[in-house]
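Asker: Below is the structure, and that's it, no one-letter string:
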């Protein structure tokens, strides 16, 4: 413990004292330390294990995904399949059928016209039809058209129209044109109504005129393909899902997935998303804590060592969490940080720290809902249970309260989400251990924080006003009058501080120790003089004043020797402020060379009280001494004297730096009077006859 304290003092002198003289620089450094340390710890906890794998190798162990990620290769395959499954969209062009029919009609009209022209011989007819034949039929087919019986030719024309209509109404695609022509040819060849020449003519006419009337609709098809692709849901691999089993061959897609997850040793890729995510969450939590301190508890900003202590508590809890998470996440003692911060700093800040720690730990362990609820509720219960606790044994009771809240939370949420009673009860048992673990860590580390950072907790204060404390025992033995005086001042101060909302326990302890400097020369102070002989009668007023005022410095030296906290030392140093030692000053003024007496040399060295509690002890010290010196105190006398003493302190400016308001001063005065009346109450004077009667009763009672 001494080593840690010496190290802190040395660090303060060498670094903070020399290089960081301004609070702003200290705050910036602390903020940077907080961010870097929490960021590093989360990075180490969340950075996945890397594997030395290549294509075709076998997985050395089961490999799980360290975070949610899209399986882009599987998703792409499904998209391709969806796109390929879309049927091609075609549209009909009805004008093609009409054009084909016109071409056929035009051919037959030409044939009929030539055949009806009797002025032409056969050769001329043949020549004309060959020249005007737009279907480019060969001579044999044209000869058949010119020589075939007219009724058979008309019948063939009608049949051709039916075949064309039948096929084109169904639709003919470009890629199916030859297939359709072949089917038509086979169909016509199978007909028995026509001879071979007419069949050949029909086939040739149809082949020459028929063409596709169903065309590929690119836009419609692409639209359907896009819709099909968009309807495919992404294949997600969740955090903790198995990617490769031990012994599985590493395929290209699995290898690329591992590379994208940045868990291959030969891949220097940095998981930027991971680091950005950690940085953002740490930054947000840090800003929330800073904002809370700045808005609600700005005085903590003046205590850089206390901020450092809070940071160390948070880091320590995170390190413990990382260590015990392997046993069970429900043993992680998040509540210990909340309990320590509540005892050492402030309860409201402890609640915020508990929430922030719960978030950080839940990120490390994988966002378990039961743990989050348990940590928040258990930590909150821990904060409430340690507020104003004054016995270290009570912290174990707080641990039991945390245990009860933990097990109730775990069982409650567990039974809502699961029917596995044994499993839920096991988790509940871990929750009970969690509370006990928190109480042990709190009690065990509390003295470390108190000593290392000189924090005065209620527990420490209770220990300090224990009569068995070495310095108080020394005061009792060597200056019993001062000890008794300090006890009464403590009672007055505690009551007054409680009445104005101050720290009553601190005021009481400060009052107990405020005059310990009188141990060095106890008989120079009136309350310790057992005889009528006063050593000041043999001294000059200036020397007596030095002795009287010197008890402040002597008290500070004793406080440092016995390692009293700085908050208690403030009472010793400030409880007289820079008030005048009036008795010896006036004595010196009335003596020889009185006109040359410097008033400042008869004043205490100060400083004036800086807090309400010290100011209250100053007033209680003066009021108690004055009232005790009264021969026959009464309510009116006590009220008048108390009012006069407090008024004198106000007029002398002793309270101007203590933040006490006039209303609070009035409350303090009334409280003093009430307590003093309880101590110096008037006693009833019994008549002589009553006294004799009482004695007789005692004798009688003793005889029986």
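Answerer: Structure's in. What do you need? Please read these numbers as outputs of a predicted model, since none were measured by experiment.

Asker: that's a strand at residue 135, yeah?
Answerer: No: assigned with DSSP: H, G, I helix; E, B strand; the rest coil, residue 135 falls outside any strand and is coil.

Asker: which residue packs closest to it, ignoring adjacent ones?
Answerer: Spatial nearest neighbour of residue 135, excluding adjacent residues (Cβ to Cβ, 6 or more residues apart in numbering): residue 208 at 4.0 Å. C-beta coordinates here come from the backbone N, C-alpha and C atoms, glycine included.

Asker: how near is residue 311 to residue 365?
Answerer: 22 Å (Cβ to Cβ, to the nearest Å).

Asker: If you could redo that for residue 161, that was the one I meant.
Answerer: 81 Å.

Asker: again, but for residue 152
Answerer: For residue 152, the distance to residue 365 - Cβ to Cβ - is 94 Å.

Asker: Please say which of these two ends up with more neighbours.
Answerer: residue 365 (16 against 13; other Cβ atoms under 10 Å).

Asker: Quick check: the more buried one touching residue 324?
Answerer: No: between residue 365 and residue 324 there is no contact under Cβ atoms under 8 Å: 10.5 Å.

Asker: can you list residues touching both of the two?
Answerer: residue 332 (Cβ atoms under 8 Å, 6 or more residues apart in numbering).

Asker: got the domain boundaries for this structure?
Answerer: 2-45+273-441, 48-71+235-270, 90-210, 461-679 (automatic domain parsing).

Asker: what's near enough to touch residue 664?
Answerer: Contacts of residue 664 (Cβ under 8 Å, 6+ apart): 500, 612.

Asker: switch to 7 Å and redo it
Answerer: By Cβ atoms under 7 Å, 6 or more residues apart in numbering, the residues touching residue 664 are residue 500.

Asker: Tell me the secondary structure at it.
Answerer: helix.

Asker: Now do the same for residue 362: its pLDDT.
Answerer: pLDDT, residue 362: 92.

Asker: Secondary structure element holding it?
Answerer: Residue 362 belongs to helix 347-365 when assigned by DSSP states H and E.

Asker: List the buried residues in that helix.
Answerer: Using 16 or more other Cβ atoms under 10 Å as the burial criterion, the residues of helix 347-365 that qualify are 347, 349-365.

Asker: With stretch 514-532 instead?
Answerer: 514-525, 527-528.

Asker: The closest residue to residue 462 other than its chain neighbours: how many residues sit nearby?
Answerer: When the adjacent residues along the chain are set aside, residue 462 lies closest to residue 390, with 4.5 Å between them (Cβ to Cβ, 6+ apart). Residue 390 is flanked by 13 other residues according to other Cβ under 10 Å.

Asker: Likewise for residue 539?
Answerer: The burial count for residue 539: 15, using other Cβ under 10 Å.

Asker: what are the phi and psi values for it?
Answerer: Residue 539 has phi and psi values of phi -110, psi 160 when expressed as degrees, to the nearest 10.

Asker: likewise residue 550?
Answerer: The phi/psi pair for residue 550 (degrees, to the nearest 10) is phi -70, psi -20.

Asker: ditto for residue 657
Answerer: The phi/psi pair for residue 657 (degrees, to the nearest 10) is phi -110, psi 10.

Asker: Got the confidence number for it?
Answerer: Predicted confidence (pLDDT) for residue 657: 89.

Asker: Contacts for stretch 111-127 next, please.
Answerer: So stretch 111-127 is contacted by 128-129, 142-143, 145-146 (Cβ under 7 Å, 6+ apart).

Asker: how does it look with 8 Å?
Answerer: 128-129, 139, 142-143, 145-146, 150, 153.

Asker: now swap in stretch 570-577 and tell me
Answerer: 510-511, 513-517, 549, 552, 555-556, 559, 604, 606-611, 613-614, 617-618, 621, 654.

Asker: Ok, stretch 132-140 next?
Answerer: Contacts of stretch 132-140 (Cβ under 8 Å, 6+ apart): 103, 106-107, 110, 126, 130, 142, 145, 197, 200-201, 204-205, 208-209.

Asker: and residue 612, what is it in contact with?
Answerer: 497, 500, 502, 658-660, 664.

Asker: ok, 10 Å please
Answerer: By Cβ atoms under 10 Å, 6 or more residues apart in numbering, residue 612 lies in contact with 496-497, 500-503, 506-507, 655, 658-661, 664, 668.

Asker: what about the longest helix along the chain, distance to the chain center?
Answerer: Using DSSP state H, we find that the single longest helix of the chain is helix 421-452. Distance of helix 421-452 from its chain centroid, counting by Cα atoms, centre = their mean, to the nearest Å, is 21 Å.

Asker: next one: stretch 624-640
Answerer: Chain-centre distance of stretch 624-640: 57 Å, with Cα atoms, centre = their mean.

Asker: outside of that stretch, which residues touch it?
Answerer: Counting by Cβ under 10 Å, 6+ apart, 481, 484-493, 511, 526-527, 623, 641-642, 644-645, 669-670, 672-677, 679-682 sit against stretch 624-640.

Asker: Filter those residues down to just the ones in helices.
Answerer: In this view, the contacts of stretch 624-640 that belong to helices under DSSP H are 481, 484-493, 511, 623, 641-642, 644-645, 669-670, 672-677, 679.

Asker: ok so, going back, filter the contacts of stretch 111-127 down to the buried ones.
Answerer: With burial judged by 16+ other Cβ under 10 Å, the buried subset of the contacts of stretch 111-127 is 128-129, 142-143, 145-146, 153.

Asker: sorry, back to before: could you turn the buried ones of the contacts of stretch 624-640 into a PyMOL selection?
Answerer: Only the buried entries of the contacts of stretch 624-640 go into this PyMOL selection, using 16+ other Cβ under 10 Å:
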select buried, resi 481+484+485+486+487+488+489+490+491+492+493+511+527+623+641+642+645+669+672+673+675+676+677+680
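
Asker: any idea how far residue 583 lies from residue 482?
Answerer: 18 Å.

Asker: Perfect, that will be all.
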